[in-house]
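J.: Sequence plus predicted model, see below.
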Amino acid sequence: MNFLGDVWRHSFPRGLRYCKQCLILHSTLTSITKRYKHKRFIPRRELQDAVDSFVPMPGAPLLCLPIVRHVLLIRLINAVRSSVFGRPAWLFTLSVAKEHKKVKEWLEADLKRINNRKLEKFVDRDVFQREVLGTFHVAAMYHRAFRYGMCLCVVLIGIVLAELLFAEWLNIYLRYWRGMDDEKILAYFREVTERHTVSDVPAAYASKLPPPCALIQEGGTKRYSVEVCEFIAPDDSKRVVLIPTPCVGERSFFEAVGAIARKSDALILEGVPDADLNRVAPMILLPMREPTFGSFNLHHKYYDIVHGNKHEPPKLCASASESQVTKFVAQSLVPMTLRHILLPSLVSGSKAEAKNGWAHLKELLEDDDMLRKNPKRPDNTDGHYTICVPWTVGQIVNLEASLLKLGYRLRRHYALPWLTEDFMGENFLGRNAVK
């Protein structure tokens, strides 16, 4: 362990400076010593000029604090002051101020201990390198790479912990930060549940199409149900089944969606680009053994087209042109519970995705060669080539309106139960009850 400690201390010495001003001061002093590497002495005037090119910053140490100097644009002001007006640069970080003070005090002490007048104008190069530059350590590239790597590890660990303990943090936030009791928490999760049902409905088609999601009274409880719509082509050759599919739901709901998708000839996967169609994540097609979001007793959105299917599964079709960088970053950094339950429209259900999805669906409907290469399933007895489109509730009405514009007619629609109004709140309170 002592050996490893020595290696660590040699690679990362005490007082390692990362700021850019320390690097400038160190480079200036090092360049002067290299200029006189074949001589024993260095002119004191050159070292003194390098030290005098920096002056203490007015308002230090308050204005040297990182947040203060970034807000007040101290770095930009210092650059304009020194480059345009030719004035000495400010020591606007605490670390460079300490190193500058060390060098200045060393030059004054070295001048006092010299007895020979002829040597007052010079500094011993070896002594300067050993006593000043030998204790002045600035970060190299590998130091910065190591620091960035450590910061990345801390961020990733924080993201994992935020996901694992999200329900606990949310419970603390709701109860102790916002001061909610059980009734208010139930009302809060009613609003969260309602976010999954909000849809963009074109005004011209509001009376021609059924609402994608409705709140129905069943006995003493209120339940949300989604409206599955079937559209028939003008020539009765193709059928399109659009299923409003929220980001989360009970296993029974997604099994019902999978039962409809299994009987289809083609399935359009929302948000999957053409390049990723051959390597679809298993969680899109298969459920987990336990609920994905245990604190809410909910599963993530999946299309179960394998279980209970006696014939070949439907053909998978893409709905996006290319992978979106912003979506990838959001999926990587935002906890899954936050983006699937509390903010369902953060990474899915956008209008741009709906436009890409409609472009792929229209291309599929107009591609007769593809229909010939992919014949109907053996259990398809109604004569229509069926395309299943499970889509987020937010933009599915726009897809239905586009089908009406294309000449398709609405054959029928029926309700599919989703969640009760207090399902999320009751499960959350059951897992996070106050003891």
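T.: All right, it came through fine.

J.: Grab the nearest non-local neighbour of S295.
T.: A167 (3.6 Å; CB to CB, 6 or more residues apart in numbering). For glycine as for every other residue, the C-beta is placed from the backbone atoms N, C-alpha and C.

J.: these two touch, right, the one you found and T337?
T.: Yes: if you go by CB atoms under 8 Å, A167 and T337 touch, sitting 7.3 Å apart.

J.: Mutual contacts of the two, please.
T.: Listed as contacting both A167 and T337 by CB atoms under 8 Å, 6 or more residues apart in numbering are S295.

J.: Tell me which of those two has more neighbours.
T.: Shown here are A167 and T337; by other CB atoms under 10 Å, T337 has more neighbours (23 against 16).

J.: what secondary structure does the more buried one sit in?
T.: helix (DSSP: H, G, I helix; E, B strand; the rest coil).

J.: for it, what are its contacts?
T.: Taking CB under 8 Å, 6+ apart, one finds 163, 166-167, 293, 295 in contact with T337.

J.: Distance of it relative to W418?
T.: Separation of T337 from W418 (CB to CB, to the nearest Å) stands at 19 Å.

J.: In PDB, list the C-alpha atoms belonging to stretch 218-234.
T.: C-alpha atoms of stretch 218-234 as PDB (Å, rounded to 0.1, in the frame of the first residue of the first chain):
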ATOM      1  CA  GLU A 218     -67.400   2.200 -13.400                       C
ATOM      2  CA  GLY A 219     -69.400   1.800 -10.200                       C
ATOM      3  CA  GLY A 220     -67.700   3.800  -7.500                       C
ATOM      4  CA  THR A 221     -64.400   4.300  -9.400                       C
ATOM      5  CA  LYS A 222     -63.300   6.200 -12.400                       C
ATOM      6  CA  ARG A 223     -61.200   4.500 -15.100                       C
ATOM      7  CA  TYR A 224     -59.300   5.700 -18.100                       C
ATOM      8  CA  SER A 225     -59.800   3.800 -21.300                       C
ATOM      9  CA  VAL A 226     -58.100   4.300 -24.700                       C
ATOM     10  CA  GLU A 227     -60.100   4.200 -28.000                       C
ATOM     11  CA  VAL A 228     -58.800   1.700 -30.600                       C
ATOM     12  CA  CYS A 229     -59.700   2.800 -34.100                       C
ATOM     13  CA  GLU A 230     -59.700   0.700 -37.300                       C
ATOM     14  CA  PHE A 231     -59.400   2.400 -40.700                       C
ATOM     15  CA  ILE A 232     -60.100   0.700 -44.000                       C
ATOM     16  CA  ALA A 233     -58.500   1.700 -47.300                       C
ATOM     17  CA  PRO A 234     -60.700   3.000 -50.100                       C
END
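
J.: rewinding a little: what about the contacts of T337, which are in helices?
T.: 163, 166-167 (DSSP state H).

J.: Make CSV out of these and add pLDDT and distance to C317.
T.: Output for the ones in helices among the contacts of T337, formatted as CSV (pLDDT from 0 to 100; distance: CB to CB, whole Å):
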residue, pLDDT, distance to C317
E163, 83, 31
F166, 88, 33
A167, 87, 36
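
J.: between these, which is nearest P43?
T.: Nearest to P43, judged by CB to CB, of the ones in helices among the contacts of T337 is E163 at 61.4 Å.

J.: Nearest residue to the closest one in space, please, no chain neighbours.
T.: That would be P335: by CB to CB, 6+ apart, it lies 4.4 Å from E163.

J.: Give me the distance between that neighbour and L298.
T.: For P335 relative to L298 (CB to CB), the value is 15 Å.

J.: L107 now?
T.: L107 is 69 Å from L298, by CB to CB.

J.: If you count surrounding residues, which of these two has more?
T.: Just comparing L107 and L298: by other CB under 10 Å the higher neighbour count belongs to L298, 23 against 17.

J.: Could you list the low-confidence segments of this structure?
T.: 1, 3, 5, 7-10, 308-310, 321-324, 368-383, 432-435 (pLDDT under 70).

J.: can you list the domains in it?
T.: Split into domains by automatic domain parsing, the chain comes to 2-139, 180-431.

J.: And the helices in the stretch 101-250 of the chain?
T.: 125-131, 141-164, 166-172, 182-195 (DSSP state H, counting those that start in this stretch).

J.: could the ones you listed be laid out in JSON lines, adding distance to N356?
T.: Output for the helices of the stretch 101-250 of the chain, formatted as JSON lines (distance: least, CB to CB, whole Å):
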{"stretch": "helix 125-131", "distance to N356": "63"}
{"stretch": "helix 141-164", "distance to N356": "28"}
{"stretch": "helix 166-172", "distance to N356": "30"}
{"stretch": "helix 182-195", "distance to N356": "23"}
